[in-house]
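S.K.: predicted model follows, preceded by the sequence.
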Amino acid sequence: EKGKEIFMFTMGNGEKKALVTGAFHAREHITTKYILRCVEDYCYTAEKGSGYLDEFNIKDLLNEYTVYIIPCVNPDGLEIIRGRENAGNDVTIYDLSEYKANANGVDLNRNFPLAWEYIDNGITKPYTHFFKGYTTASESESKALITLCEENNFDFLLSIHIKGNLIYWGDNWKTENLPAYKSFAENIASRCSLAMTQPTEKPTNFGGGFENWFRHTYNRPGLCIELSPITNIVSPCDNKNYKNFNEFVKYEQTKFAIAAALAYQTP
């Protein structure tokens, strides 16, 4: 919304396509480092290492897939939370360390056109988090992602978030594909020591979500992966979490998430 580019690059050269996104929420910008660290490790493994990351043949997987990587969906929000930009004048901020929104005070993961009209969380104006926007898909960031998905045939989406040590994989908007989505998510959860949620029941909690919109638009898996244990204290306005990065995101366990998704075979 402030005119910045949203950077994207690809990893691999296969015919199949997948999408991985990070930093939807400003306070979760450590997910950008997580994604870039994974890319570095995967590329090194494929090009200079053995080709294998534990049991995963990364070299073969990256010949099968092209992975579209967006490390930071919300660059304005990141700059705001680091004190280098200001949010719009009409945005109410109660705690900068809890800021999730973009420059307009819109929570991007509440802005997509899936059950958007049923979101009823009491937040009706631009705010630190949870404001869904005045209209669906109103934000430049949302529009860009929708266009990207329309122009590409992605097999799956991984949206990387930070708090919960679990995977959100389904909701009750439409249920016919839930078994397939659950199987896909279980494969990743078991490899990365993440918990599995139940399908999200209330539209207030899943409406407007990017991964939810992706699932129901394309009938393909779209996951929200929460890397960090719920007990962790997220300190997004300084470098505290980065100094303890490996333990904070449990990197030695969670680094396999993308590989497990790429390697998944339909039962």
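M.R.: All right, it came through fine. Computed from a prediction, not measured in an experiment: that's the story for all the values here. Numbering: from 1, shown residues only.
S.K.: give me the sheet partners of the longest strand seen in the chain and which way each runs.
M.R.: In the chain, with assignment by DSSP state E, the single longest strand is strand 154-163. Paired neighbours of strand 154-163 in the sheet (DSSP bridges): strand 16-21 (parallel), strand 222-228 (parallel).
S.K.: after the first one, next one along is what?
M.R.: It refers to strand 16-21. Downstream of strand 16-21, the first helix or strand assigned by DSSP states H and E is helix 30-47.
S.K.: residues touching the following helix or strand past that following helix, excluding its own?
M.R.: Downstream of helix 30-47, the next assigned helix or strand under DSSP H and E is strand 52-53. Residues from elsewhere that reach strand 52-53 (Cβ atoms under 8 Å, 6 or more residues apart in numbering): 41, 42, 45, 58, 59, 255, 256, 259. No exception for glycine: its C-beta is placed from N, CA and C like everyone else's.
S.K.: do stretch 128-143 as well
M.R.: Taking Cβ under 8 Å, 6+ apart as the rule, stretch 128-143 contacts 1, 6, 25, 73-74, 91-95, 98-102, 104-108, 110-113, 116-117, 119, 121, 123-125, 146, 207-208, 210.
S.K.: which of these are buried?
M.R.: 1, 6, 25, 73-74, 91, 93, 99-102, 104-108, 110-113, 116, 119, 121, 123, 146, 207-208, 210 (16 or more other Cβ atoms under 10 Å).
S.K.: spatially nearest residue to residue 28, not counting backbone neighbours?
M.R.: residue 162 (4.2 Å; Cβ to Cβ, 6 or more residues apart in numbering).
S.K.: number of residues surrounding that neighbour?
M.R.: By the criterion of other Cβ atoms under 10 Å, residue 162 has 24 neighbours.
S.K.: ok, now which ones touch it?
M.R.: Contacts of residue 162 by Cβ under 8 Å, 6+ apart are 25, 27, 28, 30, 31, 226, 227, 228, 234, 249.
S.K.: what sits up against stretch 174-194?
M.R.: Under Cβ under 8 Å, 6+ apart, the answer for stretch 174-194 is 156, 165-167, 169-170, 195-196, 199, 215-216, 219, 221, 223, 225-226, 250, 253-254, 256-257, 260-261, 264, 266-267.
S.K.: ok, and for that stretch, which residues are buried?
M.R.: Of all the residues in stretch 174-194, those buried under the rule 16+ other Cβ under 10 Å are 181, 182, 184, 185, 187, 188, 189, 191, 192, 194.
S.K.: which stretches of the protein form helices?
M.R.: Per DSSP state H, the chain carries helices over the ranges 30-47, 58-64, 75-81, 140-151, 178-192, 203-206, 210-218, 240-243, 245-248, 251-254, 257-263.
S.K.: redo those helices as TSV? Include mean pLDDT and distance to residue 131.
M.R.: Formatted as TSV, the helices of the chain follow (pLDDT from 0 to 100; distance: least, Cβ to Cβ, whole Å):
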stretch	mean pLDDT	distance to residue 131
helix 30-47	97	21
helix 58-64	97	38
helix 75-81	97	13
helix 140-151	98	13
helix 178-192	98	28
helix 203-206	97	13
helix 210-218	98	16
helix 240-243	94	25
helix 245-248	96	28
helix 251-254	97	29
helix 257-263	98	29
